[in-house]
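pasting the structure only:
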C-alpha cells in the first residue's frame, strides 16, 4: 500500500538518489526492499546555516507502475460552435484548450506576431530602442509571460486547479519538475517552444489562430456582442467573446470606454527595478561566502508596511536580465526575466509601492485615471532617461542619499541607463515609501543597500490599472451579454498560472451555460 510522508534532507543530498532513498526509508521506518519512491513536492529551507530540502514523497510497492506523462487529448472541433478569443496570452490559450475539451471551436485573434517573428522585434527593441506597438515584450503570442520569465507560482488556489495547468504545460514540453517544485519556473528560453506546441495543438483540433489581428472596434446591443472589427477593415460576426488582452492593452481599455462598455479604475503598484550582483544575494540568503554548486541561485521576497502604504518585492528574477517592456514610443517600462538555468551574474526584482485611488483620481473621476497616471510616470522616465528607451537609474546607495550617481555599475538592461535623480521621475510619496522600504530591507538582508546595486525606473506594469466588471456566476460583463473579460487585463489574475486558470474557468462556464440552454 502506498503512503505519503514528509522528510527533511540536507540540500547536498538531493542530487543523489541513493541518499534520498536512505533518508526517506529511515524516516518512514521501512526496510529497503525495493519500494518505489516518488518526490511529489520539494522546497528549499535556507532559514539557518544548515540548508535543507523539505520533501513530500510517496512510498509505494516496487511493482507500482510508473505514471505516464500527460498527453493532450485531441478532438475535432472544426465544425463545432465558435467562441472568439481576443489575445493569445495564458488566459486566451488555456481558454482555447478548455473549449476544445468541451467540444467548442476556439477562434483566437492576436494583435502581435507568433513567437518566432516576435523575437526579431524584441531584438530591434533591445538594440535600437524601436518599439513595435503590436509586437514587444507584452504583446504577441504567449502574451507578457512568454518573454518575462515563466514563473508559475501563484496563491490563487480558488480560481481553479493549479495542477491541471501544470499538467498541460508538461504535456506541451515543460519539465516535469514544475509539478514538484514549490516555486516552479520554466525559463524564458524554453517558453516559446511550449507556446508553439499549444498553438499547433489548437490548430490540429480545428481551432483557428490569427496573428496580427488588432481589435479596434466592436458592436453590441441589448442582446449582447454582435461583431468585431480588426485592422480597421476586417469584421467578424460573433455573440461570444473572451477578452484576454493583457494588463498593457491601453487601447482596448480606451476602446471599451469610448463605445460605452463599463470599466473601472483599480489599485495597482508602481516603483523601480533593483539589480544586485547575484553573488551577494546568494551570500546573504545562504549565509555563506560562496554558494555551493548544489544550491540554485537564491531569490528573496521582502515587504515593508508603513502607516499608510507598503513597499514590496515583485517578480524577483535570480540570475536574470532586466528587459525593456514599453508598448509605445516615449515611455520607459522595466521588467525582469530569467533563463531556465538562472545563470546570469545579476539578480533583479521589482520593488513597488501601492497606488491608491486617492493618488490618481481626477475631478472627472474617469475609469482611465489610473491608466493615465501610470503612463505619465513612464513618460517622465523617457524624458529624464534621454530617450531611446534608456532607463534613468541610480546606485542604490546614491538613491538613499538623494544624489545623482557619478558612475553607474554595469546593468543587464540592454538599451542602457542614464544617471539621474529618480525624484524627478517618481511621485514624491512613491520615492519616500521606497526609501523607508529599502532601509527595512537592509535590516532584514544585511547589506541590501549595496554599492553595486542599481535602481532602474520604472517598474509600472505589475498589474492592470483597469478592471472590466463581470458577473460573479456567469462571468459575463454585467451590461454586455456574451462578453467575457478574462485574465490580467480584466483585473482578475496576476501571472501565468492564475490567468490560465481564469481562462479555463470562463471556457467551462460558457460550455455549461450553452449546454443548459439547449
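Looks like it came in fine. If you're wondering where the values come from, they're calculated on a predicted model, not measured in any experiment.

Show me the helices in the stretch 401-518 of the chain, by range?
For the stretch 401-518 of the chain, helices defined by DSSP state H, counting those that start in this stretch occupy the ranges 428-444, 496-516.

Let me see the domain layout of this structure.
As given by automatic domain parsing, the domain ranges for the chain are 3-60, 82-263+468-516, 265-459.

coming back round to it: tell me, which of the helices of the stretch 401-518 of the chain is the model least confident about?
Averaging pLDDT over each of the helices of the stretch 401-518 of the chain singles out helix 496-516 as the lowest, with a mean of 89.

Of the helices of the stretch 401-518 of the chain, which is nearest residue 350?
Of all these, helix 428-444 sits nearest to residue 350, with 11.3 Å by Cβ to Cβ. (Each C-beta comes from the backbone N, C-alpha and C, glycine too.)

how near is the residue nearest to residue 188 when sequence neighbours are not counted to residue 119?
For residue 188, the nearest residue in space outside its immediate sequence neighbours is residue 337; the separation is 4.5 Å by Cβ to Cβ, 6 or more residues apart in numbering. Counting by Cβ to Cβ, to the nearest Å, the gap between residue 337 and residue 119 amounts to 13 Å.

Which of these two has more residues huddled nearby?
residue 337 (26 against 16; other Cβ atoms under 10 Å).

who touches residue 172 in this structure?
Residue 172 is in contact with 72, 194, 197, 198, 201, counting by Cβ atoms under 8 Å, 6 or more residues apart in numbering.

So which of those residues sits lowest on pLDDT?
Going through the contacts of residue 172 one by one, the lowest pLDDT turns up at residue 72, 84.

Just give me the neighbour total for that one.
Around residue 72 there are 18 other residues, counting by other Cβ under 10 Å.

quick one: contacts for it?
By Cβ under 8 Å, 6+ apart, the residues touching residue 72 are 97, 168, 171, 172, 201.

could you pull out the strands for the stretch 1-150 of the chain?
All strands of the stretch 1-150 of the chain, identified by DSSP state E, counting those that start in this stretch, fall at 3-10, 36-45, 52-60, 82-86, 105-109.

Tell me the bridge partners for the residue nearest to residue 188.
Counting by DSSP bridges, residue 337 is bridged to residue 321.

from the contacts of residue 172, which is closest to residue 209?
When those are compared for distance to residue 209 (Cβ to Cβ), residue 198 wins out at 9.6 Å.

Check the gap between residue 415 and residue 501 for me.
For residue 415, the distance to residue 501 under the criterion Cβ to Cβ works out to 34 Å.

That should have said residue 85, apologies.
Counting by Cβ to Cβ, the separation of residue 85 from residue 501 is 15 Å.

repeat for residue 64
As judged by Cβ to Cβ, residue 64 and residue 501 stand 30 Å apart.

Could you do residue 27 as well?
In this structure, residue 27 and residue 501 are 34 Å apart, going by Cβ to Cβ.

Give the residue from those two that has the larger number of neighbours.
Neighbours were counted for residue 27 and for residue 501 using other Cβ under 10 Å; residue 501 has more, 28 against 16.

need the contact list for that one.
Neighbouring residues of residue 501 by Cβ under 8 Å, 6+ apart: 94, 154, 156, 159, 160, 161, 162, 164, 165, 493.

of all the residues you listed, which comes closest to residue 37?
Of all the contacts of residue 501, the one sitting nearest residue 37 is residue 162; the distance, using Cβ to Cβ, is 23.6 Å.

State the distance from the nearest residue to that closest one once chain neighbours are set aside to residue 43.
Spatial nearest neighbour of residue 162, excluding adjacent residues (Cβ to Cβ, 6+ apart): residue 497 at 5.9 Å. Note on residue 497: its distance to residue 43, by Cβ to Cβ, is 17 Å.

Looking at these two now, which is surrounded by more residues?
Here residue 497 and residue 43 are set side by side on neighbour count (other Cβ under 10 Å), and the busier one is residue 497, at 29 against 13.

Return the distance of stretch 63-81 from the chain's centre.
Its chain's C-alpha centre and that of stretch 63-81 lie 27 Å apart, by Cα atoms, centre = their mean, to the nearest Å.

Could I get the buried residue list for that stretch?
Along stretch 63-81, these residues count as buried under the neighbour rule (16 or more other Cβ atoms under 10 Å): 70, 72, 77, 80.

repeat for stretch 125-143
Neighbour count says stretch 125-143 has 125-126, 129, 131-143 buried, by 16+ other Cβ under 10 Å.

now stretch 201-210
The neighbour-count check on stretch 201-210 (16+ other Cβ under 10 Å) flags 201, 202, 205, 206, 207, 208, 209 as buried.

can you check stretch 456-472 too?
Within stretch 456-472, the residues that count as buried by 16+ other Cβ under 10 Å are 456-470.

related to what we said a few turns ago, any idea how far residue 320 is from the residue nearest to residue 188?
Plainly put, residue 337 is 6 Å away from residue 320 if you go by Cβ to Cβ.

ditto for residue 135
Taking Cβ to Cβ as the criterion, residue 135 is separated from residue 320 by 22 Å.

tell me which element the residue lying closest to residue 435 once chain neighbours are set aside falls in.
The shortest distance from residue 435 to any residue other than its chain neighbours is 6.5 Å, reached at residue 400 (Cβ to Cβ, 6+ apart). Assigned by DSSP states H and E, residue 400 falls within helix 396-401.

For that helix, what is the distance to the chain centroid?
With Cα atoms, centre = their mean as the basis, helix 396-401 stands 29 Å off its chain's centre.

Could you list the residues in contact with it?
Residues outside helix 396-401 that contact it (Cβ under 8 Å, 6+ apart): 274, 404-405, 422, 434-435, 438-439, 448-451, 453-455.

follow-up on the earlier one: isn't the residue nearest to residue 188 right next to residue 318, touching?
No - because the distance of 11.1 Å does not satisfy Cβ atoms under 8 Å, residue 337 is recorded as not touching residue 318.
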